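Asker: Okay, here's the prediction I keep looking at, along with the sequence it came from:
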Amino acid sequence: MESLSRLKSGSDVRGTALAEAPGGRFDLTDEAVSAVVRAFYVWLSQKCGRKELTVAVGHDSRLSAKRISDCTLKALTESGADALFCGLSSTPSMFMILQEADIGADASVMITASHLPYNMNGLKFFTKEGGLEGKDIAEILALADKGASLSGGGRVQNVSYLGKYSEHLVRFVREKTGADKPLAGKKIAVDAGNGAGGFYAEKVLAPLGADVSASQFLEPDGRFPNHIPNPENAAAMKSVSDRVKETGADFGIIFDTDGDRAACVDRSGEEINRNRLIALVSAILLAEKKGTIVTDSVTSDGLTKFIESRGGRHCRFKRGYKNVIDKAKELNAAGEYAPLAIETSGHAALAENYFLDDGAYLVTRILVTLAKLSAEGRDISDLIADLPEPAESAEVRLGFTEAGKADFKAKGNAAIEDIAKRVPALSGMTLAPENYEGVRINFDQSHGNGWALVRMSLHEPIVPVNFESDSAGGCLAIAIELQELLSPYAADIDLANLKKYIEKS
């Protein structure tokens, strides 16, 4: 039997979950799910020092959700657990349920694969301390490979928690604004992409007085027939932007499939995501207390200037939401106030909210400010009107050649290390003084007037290359420089997509 370690995806378990999956691969079989969940319960029992525990289980809208939920509940109860089945849930709610003393759950399992295609699914695990780390998942999968399990006779109880989670958000807004219906008179469009986030319109916004009639794709549908539920996807962002403009809405919100990420649109239909979203939340938090904003590695230099103009410090760290969260926790533990850990993907975790990446909490925090600004006759976009935007930006994802695929991590990392050694001797280029991932290169005005980051993908045999320029035509100049810079590694790294970018520009 193939090792279950292949299902590790960062701090989650993920794989194909439908038998008709393209390519014929079918990873999350009943047997695989049962083995992993039983191993998780062994791991959890060892951690808690008890064999009889209570575990909550929820899922997003995927087609495979019922089958995997059934397998998960069976594996838990046969291991001796009492299982609380929450049905359709957001990922953040499956952590927050663990903070409810009257419910008494020791851990939770969320069945989701975030924004990945409809045929995928996965398992995300939480304890009361937070989501599991990658090393924890590795231990669980090693136990699963050994067939580790406990036996017992637990029971399943149906628990509806999403309503209570929503009530917490409603109460938070009312306390912060001092009004029962602070969003009265505001038309707000929610786009859930047929994922699990549709609850936010009726259970959070409507009680706060908002008109949610412009909302779309709230109904759960695991085929995702309208667009990919992903705030990073251009078609998804265009969909909610168009909806705001068509309906004359004052604000738009889009969630990913399981609700741990979000992005926004202002009343003009202008997208507030990536650097703009980070700037907006930073402006809100830094106005309350100065501190350090931790982001992933691909954020812009303009964002750094914006954060510094608000009295903050920008710590640009590694890609991966757990990486930025762990860095922010580390800074706080060392005495440096860091209220926000956020990725350009929309994963945002606030210190005040358990450092949980929670899309619903994020937009709720923004809506508090929107309500206050509205009372002053101002708009939310006023807070980021002075954000320096690059003239151009681009991302090119480079694959590996057949020769490079066999040992792509070693080949890619060796190339990046070599580039870092070569750059200081090259004309028009300098290494960024602070960089935690890949190689970040600054280009002077005669060589593109911007920057580029070459790094390894966290999970795939891909070398993403992000670059920005403050000059028209600058990205093309940087791309040409990058092609020359990467050419010595062309035997292993496939430069075809970079060449295509150059040809089209």
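Answerer: Nice, thanks for sending it over. Predicted, not measured: the structure shown is a model, and the values here were computed from it.

Asker: Could you report the pLDDT at Gly24?
Answerer: Gly24 carries a pLDDT value of 65.

Asker: cool, Phe400 as well?
Answerer: For Phe400, the pLDDT comes out at 97.

Asker: From what I see, it and Gly412 are in contact.
Answerer: Yes - counting by CB atoms under 8 Å, Phe400 touches Gly412, with 7.4 Å between them. For every residue, glycine as well, the C-beta is placed using N, CA and C.

Asker: okay, and the common contacts of the two?
Answerer: Shared contacts of Phe400 and Gly412 (CB atoms under 8 Å, 6 or more residues apart in numbering): Pro461, Val463, Asp492, Ile493.

Asker: shaky segments in the chain?
Answerer: Scanning the chain for pLDDT under 70 picks out the ranges 1, 21-24.

Asker: and the longest helix for it?
Answerer: helix 30-48 (DSSP state H).

Asker: in that helix, what's buried?
Answerer: Under the neighbour-count criterion of 16 or more other CB atoms under 10 Å, helix 30-48 has 32-45 buried.

Asker: Mind putting the residues you listed into JSON lines with distance to Cys264?
Answerer: Listed next are the buried residues of helix 30-48 as JSON lines, based on distance: CB to CB, whole Å:
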{"residue": "Ala32", "distance to Cys264": "38"}
{"residue": "Val33", "distance to Cys264": "35"}
{"residue": "Ser34", "distance to Cys264": "40"}
{"residue": "Ala35", "distance to Cys264": "41"}
{"residue": "Val36", "distance to Cys264": "36"}
{"residue": "Val37", "distance to Cys264": "36"}
{"residue": "Arg38", "distance to Cys264": "41"}
{"residue": "Ala39", "distance to Cys264": "39"}
{"residue": "Phe40", "distance to Cys264": "35"}
{"residue": "Tyr41", "distance to Cys264": "39"}
{"residue": "Val42", "distance to Cys264": "42"}
{"residue": "Trp43", "distance to Cys264": "38"}
{"residue": "Leu44", "distance to Cys264": "37"}
{"residue": "Ser45", "distance to Cys264": "42"}
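
Asker: what's the burial count for Ala142?
Answerer: Neighbourhood size, Ala142 [other CB atoms under 10 Å]: 15.

Asker: any idea what sits nearest it, other than its immediate chain neighbours?
Answerer: Closest residue in space to Ala142, ignoring its immediate chain neighbours: Ser5 at 7.0 Å, by CB to CB, 6 or more residues apart in numbering.

Asker: hmm, back to that, for the shared contacts of Phe400 and Gly412, which single residue is the most surrounded?
Answerer: Val463 (30 neighbours).

Asker: residues contacting Glu389?
Answerer: Neighbouring residues of Glu389 by CB under 8 Å, 6+ apart: Asn275, Gly302.

Asker: scratch that, Ser160 is what I was asking about
Answerer: By CB under 8 Å, 6+ apart, the contact set of Ser160 is Cys86, Gly87.

Asker: what about Tyr200, how many residues close to it?
Answerer: For Tyr200, using other CB under 10 Å, the count is 28.

Asker: That one sits in which helix or strand?
Answerer: Taking DSSP states H and E as the criterion, Tyr200 maps to helix 199-200.

Asker: so what secondary structure elements neighbour that helix?
Answerer: For helix 199-200, the elements it packs on are helix 162-177, judged by 3 or more CB pairs under 8 Å, 6 or more residues apart in numbering; DSSP states H and E.

Asker: Isn't Pro390 up against Ser300?
Answerer: Yes - between Pro390 and Ser300 there is a contact at 5.9 Å, judged by CB under 8 Å.

Asker: Neighbour count: those two, which is higher?
Answerer: Ser300 (26 against 21).

Asker: How about that one: what's its closest non-neighbour residue?
Answerer: Here the nearest residue to Ser300 in space, its sequence neighbours aside, is Asn275; by CB to CB, 6+ apart that works out to 5.0 Å.

Asker: Check the spacing between that neighbour and Lys186 real quick.
Answerer: 25 Å (CB to CB, to the nearest Å).

Asker: between the two, which one's more packed in?
Answerer: Ranked by neighbour count (other CB under 10 Å), Asn275 and Lys186 place Asn275 first, with 25 against 21.

Asker: just the helices in the stretch 251-400 of the chain please.
Answerer: 274-288, 301-309, 321-333, 359-375 (DSSP state H, counting those that start in this stretch).

Asker: Done for today, thanks.
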